[in-house]
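Here's a sequence, model it:
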Amino acid sequence: MKKTYTIWILIALITMTAVAGFFYYSRSDERSIKISSNPWVGFTPFIYAQEKGWLDKTPFKFMWLVDLSDNSRLYDRGFTQGFTATQYELLRFKDYSRLKPVFLIDRSYGADAILSNHPLSELRTEKEPITVYLELGSLDEDFFNAFIHENKLENLKFILKNSSQKTMTTISPSGPPSIMLTYAPYISEFLNKGYMTIASTRTMKSFSVIDALYVDERFVIGREDEYRELLSIFNKALQQFKNDPHEYYETIHGYLEGQSYDDFMESTTQIQWLNSGTHKEIEDQLHMQNVSTDRLLR
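Take a look at the predicted model:
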């Protein structure tokens, strides 16, 4: 009898422990904030922080992607609560009223580029349709439209082909005239293959790309200190890049799609960091594009 009683007590304790564990981890998961990102040069401080374990005791969990359009798919399906992106990805959401920038990261200054296997002067006289490889549903469409307008190329015929960066890198430059819309860390691979830059965010006058951390504000309100900690970790990683770029590169290079150290260092000169201080000009531009900045950390 005592033996049976003891067994039931043990079963009850095991059950209670399992239930308690389930609810503990459920609550823990509810507190986590999942963010999707990609290996854009401006987002690499998050990679460095993750690799160093600096995010382990924070609620932030990063998911690493290649295609920019995947940010919206994951968020819409409830798999993530935020993402790193440009304002153009945000503006493509049907309803982005709850998505707010929490802190600014960088402004592209050449790290987004339009490449071709022919110089722009030759493209202007092309009679056949020109295939344009780009990531539809991302800033690429806005970038390309601004490029067409700024260079007065409306008379040309273009065929837009949705392609991932991985797919684009397999296309030979020896074919008919084509255009690629790409960004760091992929630019160097295209240039090494023989493509040439015909426009970039350094040369464009009518197009500005601002990267930020965007989060559903329901996961921001009351948790501002957690985001301040994330920003502090980001700044700490960025400072390590400045102190020891070789060590920084060695830590993150597995995410960079084969980009060499020299290519990576070149890509860091093609952005302007916005992670500290206030940037009224940038905020004014976001307001003009109907992007609210009321959740930006001050």
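
Quick one: the helices in the protein, in order.
For the chain, the helices defined by DSSP state H cover 2-31, 44-51, 70-76, 87-91, 120-123, 139-150, 165-168, 187-193, 224-243, 245-252, 261-268, 280-288.

Any stretches of the stretch 1-150 of the chain with poor pLDDT?
1-30, 68 (pLDDT under 70).

Could you check how many residues crowd around residue 49?
The tally of other residues near residue 49 (other C-beta atoms under 10 Å) stands at 24. In short, each C-beta sits where N, CA and C put it, glycine included.

Which of the helices of the chain has the highest mean neighbour count?
Sort these by mean neighbour count, taking mean count of other C-beta atoms under 10 Å, and helix 44-51 sits at the top with a mean of 22.

circling back to that earlier point, quick one: which of the helices of the chain is nearest residue 102?
Taking C-beta to C-beta, helix 224-243 is the member of the helices of the chain nearest to residue 102, at 5.1 Å.

Using CSV, write down the CA coordinates of the closest one.
The C-alpha coordinates for helix 224-243 follow below in CSV (Å, rounded to 0.1, in the frame of the first residue of the first chain):
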residue,chain,number,x,y,z
GLU,A,224,11.7,50.2,-24.1
ASP,A,225,14.6,49.3,-21.7
GLU,A,226,15.1,46.0,-23.5
TYR,A,227,15.5,47.8,-26.8
ARG,A,228,17.9,50.2,-25.2
GLU,A,229,19.9,47.2,-24.1
LEU,A,230,19.8,45.8,-27.7
LEU,A,231,21.0,49.2,-29.1
SER,A,232,23.8,49.2,-26.5
ILE,A,233,24.8,45.7,-27.6
PHE,A,234,24.7,46.9,-31.3
ASN,A,235,26.9,49.8,-30.5
LYS,A,236,29.3,47.6,-28.6
ALA,A,237,29.6,45.3,-31.6
LEU,A,238,30.1,48.3,-33.9
GLN,A,239,32.8,49.6,-31.7
GLN,A,240,34.6,46.2,-31.9
PHE,A,241,34.5,46.5,-35.7
LYS,A,242,36.3,49.9,-35.4
ASN,A,243,38.8,48.6,-32.9
